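Engineer: what shape does this take:
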Amino acid sequence: MRRLLLTLLLLGSGLAHAGELPETDWLDLMPLSDQKALEAMPEIDHNSPEAQGTFTDKGGLKQSKGLPAVMYSTKTVAAMNGKNIRIGGYPVPLETDAKGRSTLFFLVPYPGACIHVPPPPPNQLVLVRYPKGLKLDDIYTPLWVTGTLRVENVNNDLADAAYALDAGKVRVVKESDL
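Structural biologist: The predicted structure is shown next:
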């Protein structure tokens, strides 16, 4: 129950500790035309091999053919390029250092986003570069990530992203943040 509460409150909290940037909302990364298209989108069918835990040789998490165009959108918000932000989300680890700390990961807006299909559109995925690394014990643990956001097309076998963030700080969300 506690994890559910953290999940529900994370993205809508907007609260910042002293000295932290205000929270950037995930919708700030999506042009208004895409926001409207998402609102009008029909229900998505989750009956795919990935839903049963079966993945293709490419990881199985890329967008399936036949979804509404907004689910493939790489449209970005130019004003976000080069902006120093703090955004909350969930990690999808890609690379670790010799000590097992995640140094490269996707940040997604909701837990399990790259496990359930379809994954979020590329403009709702952020590739995070964090050379200091972070020990991740659970991909369902929400994180705050602070750093410089860049508009950057990222193509990965797991998923595609329209943004990358050079993180200066990554930390687990605590109850006191909410």
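
Engineer: got any ranges where the protein has weak pLDDT?
Structural biologist: In the predicted model, the chain carries pLDDT under 70 at residues 1-18, 43-66, 114-117.

Engineer: centre-most residue in it?
Structural biologist: Centroid-nearest residue in the chain: V108, 1.6 Å away (criterion: Cα atoms, centre = their mean).

Engineer: hey, what's that one bridged with?
Structural biologist: Beta-bridge partners recorded for V108 (DSSP bridges): Y90.

Engineer: and the strands in this structure, which stretches?
Structural biologist: 84-96, 102-108, 126-134, 143-155, 160-172 (DSSP state E).

Engineer: quick one: buried residues of the first one?
Structural biologist: It refers to strand 84-96. By neighbour count on 16 or more other Cβ atoms under 10 Å, the buried set for strand 84-96 is 85-92, 94, 96. Where C-beta positions appear, they are placed from N, C-alpha and C, glycine not excepted.

Engineer: ok, the fourth one next?
Structural biologist: Burial within strand 143-155, assessed by neighbour count using 16+ other Cβ under 10 Å, is assigned to 143-147, 149-151, 154.

Engineer: strand partners (parallel or antiparallel) of it?
Structural biologist: Neighbouring strands of strand 143-155 in its sheet, by DSSP bridges, are strand 84-96 (antiparallel), strand 160-172 (antiparallel).

Engineer: what does the last one rub up against?
Structural biologist: Contacting residues not belonging to strand 160-172 are listed as 29, 62-63, 73-76, 80, 85, 87, 106-107, 121-123, 125-130, 132, 134, 141-154 [Cβ atoms under 8 Å, 6 or more residues apart in numbering].

Engineer: of the strands paired with strand 143-155, which is nearest G112?
Structural biologist: Among the strands paired with strand 143-155, the nearest to G112 by Cβ to Cβ is strand 84-96 (7.6 Å).

Engineer: output stretch 111-124 as CSV, restricted to C-alpha atoms.
Structural biologist: Extracted C-alpha coordinates of stretch 111-124, given in CSV (Å, rounded to 0.1, in the frame of the first residue of the first chain):
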residue,chain,number,x,y,z
PRO,A,111,6.3,2.0,-12.9
GLY,A,112,6.7,-1.0,-15.3
ALA,A,113,6.5,1.2,-18.4
CYS,A,114,9.0,-0.8,-20.3
ILE,A,115,7.7,-4.1,-19.0
HIS,A,116,4.1,-3.7,-20.1
VAL,A,117,3.3,-3.0,-23.7
PRO,A,118,3.3,-0.7,-25.4
PRO,A,119,6.1,1.4,-23.9
PRO,A,120,5.5,5.2,-23.7
PRO,A,121,6.1,7.2,-26.8
PRO,A,122,9.8,8.3,-27.4
ASN,A,123,8.9,11.8,-26.2
GLN,A,124,7.9,10.3,-22.8
